[in-house]
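[1] coords please:
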Amino acid sequence: MSEEEVIQYLSSTPDFFTRHADVLEGLTLPHPINAKVVSLLEYQVTILRQKNASYKAEFEHLVDVARENASTLQKSRRLVLAGLSCVSLEDFAVVIDDIVREDFAVPHHALILYSDKVESSVRTHQLVKEGDLLAHTVGFIDCFCGMLPANELDILFPQSGESIRSVAVLPLLSREGGEIKKRGVLVLGANAEATFGKSKGVLFLQYLADLLSAILLRLMP
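    Got it, this is the predicted structure:
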């Protein structure tokens with residue numbers, strides 16, 4: 001009798017082991033972990049425990065994702081409400097400071113606007129095609145996590161550039177008629193490489209950059 005015939009017979013006779021319990025008790029299998037010979041019952045218990053551990057880990061991951069989504073929603077809500085109350089670029093800078101301090105707990109940040117026509121205390125930078133001192137930073141149109149050149153860190157963070165080990169770059173853009181225009185940038189700086197490592201996702205950062213861009217455009221002259 002072939003294996004296929006045995007499988008077919010047992011599948012069509014589900015009460016076989018009920019009627020022949022002595023055969024079931026005599027069956028042994030290698031343990032799925034240590035390879036020791038165990039009874040079929042012990043083997044099934046071990047498999048069930050492994051499945052249960054897998055389901056538990058998956059459930060805990062889903063709970064973590066749900067908590068992160070809830071946190072993201074609350075941060076977004078606070079940002080939108082704060083943005084609606086802004087009436088000046090100074091107000092916008094205060095909102096940025098609150099986000100960085102309360103939501104990200106990041107020790108350093110630099111907000112720079114790409115305009116020489118802004119009458120504000122917010123830092124500005126004039127974009128040039130060649131020899132731009134912030135060439136790497138201003139080149140992004142999507143959010144970036146990683147590290148910037150040392151000379152640009154010194155410009156962005158004059159007092160703490162040497163201590164920065166990772167950054168998140170959030171470009172502030174306008175999209176008029178399908179044309180992307182660079183309006184400014186928010187750079188977050190951390191003292192640890194892991195905070196904004198290259199492996200970090202940028203989905204929430206991109207969402208945050210889009211919200212900040214919308215608020216900024218309302219306030220720009």
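
[2] pLDDT weak spots in this protein?
    16-18, 20-47, 65, 68-69, 72 (pLDDT under 70).

[3] so where's the longest helix in it?
    helix 40-84 (DSSP state H).

[4] now do it: which elements does it pack against?
    Helix 40-84 sits against strand 28-30, helix 89-98, helix 203-219, with contacts defined as 3 or more C-beta pairs under 8 Å, 6 or more residues apart in numbering; DSSP states H and E. Heads up, the C-betas are built off the backbone N, CA and C, glycines and all.

[5] at 6 Å instead, please
    In this structure, helix 40-84 packs against helix 203-219, with contacts taken as 3 or more C-beta pairs under 6 Å, 6 or more residues apart in numbering; DSSP states H and E.

[6] please state the offset of the helix it packs on from the chain centre?
    Distance of helix 203-219 from the chain centroid (C-alpha atoms, centre = their mean, to the nearest Å) equals 17 Å.

[7] again, but for stretch 202-216
    Using C-alpha atoms, centre = their mean, the offset of stretch 202-216 from its chain centre is 14 Å.

[8] what do you get for stretch 109-125?
    Worked out by C-alpha atoms, centre = their mean, stretch 109-125 lies 28 Å from the chain centre.

[9] and it, what's buried?
    109-115, 118, 120, 122, 125 (16 or more other C-beta atoms under 10 Å).

[10] now swap in stretch 173-181 and tell me
    Of all the residues in stretch 173-181, those buried under the rule 16+ other C-beta under 10 Å are L173.

[11] what separation do you get for the closest residue to K200 other than its chain neighbours and V187?
    Closest residue to K200 apart from its sequence neighbours, by C-beta to C-beta, 6 or more residues apart in numbering: C145 at 4.4 Å. Distance of C145 to V187, computed by C-beta to C-beta, to the nearest Å: 11 Å.

[12] which one's more surrounded, these two?
    V187 (25 against 19; other C-beta atoms under 10 Å).

[13] pretty sure the more buried one sits in a strand.
    Yes: when DSSP: H, G, I helix; E, B strand; the rest coil is applied, V187 is found to be in a strand.

[14] OK, contacts around it?
    Listed by C-beta atoms under 6 Å, 6 or more residues apart in numbering, the contact set of V187 reads 110, 156, 167, 169.

[15] which members of these are positioned in helices?
    L156.

[16] got the contact list for the residue nearest to K200?
    Contacts of C145 (C-beta under 6 Å, 6+ apart): 168, 196, 198, 200, 202.

[17] right, and the last one touches F144 too?
    In this case it means V202. No: under the criterion of C-beta atoms under 6 Å, V202 makes no contact with F144, lying 7.1 Å away.

[18] which of these two has more residues huddled nearby?
    The neighbour comparison of V202 against F144 (other C-beta under 10 Å) goes to F144, with 22 against 17.

[19] is it correct that the more buried one is in contact with V169?
    Yes: under the criterion of C-beta under 6 Å, F144 makes contact with V169 at 4.3 Å.

[20] overlap in contacts of those two?
    Counting by C-beta under 6 Å, 6+ apart, nothing touches both F144 and V169.

[21] re earlier: so which of the contacts of C145 wins on neighbours?
    In terms of neighbour count, F196 stands highest of the contacts of C145 at 26 neighbours, by other C-beta under 10 Å.

[22] that one in helix, strand or coil?
    F196 ends up coil, using three-state DSSP.
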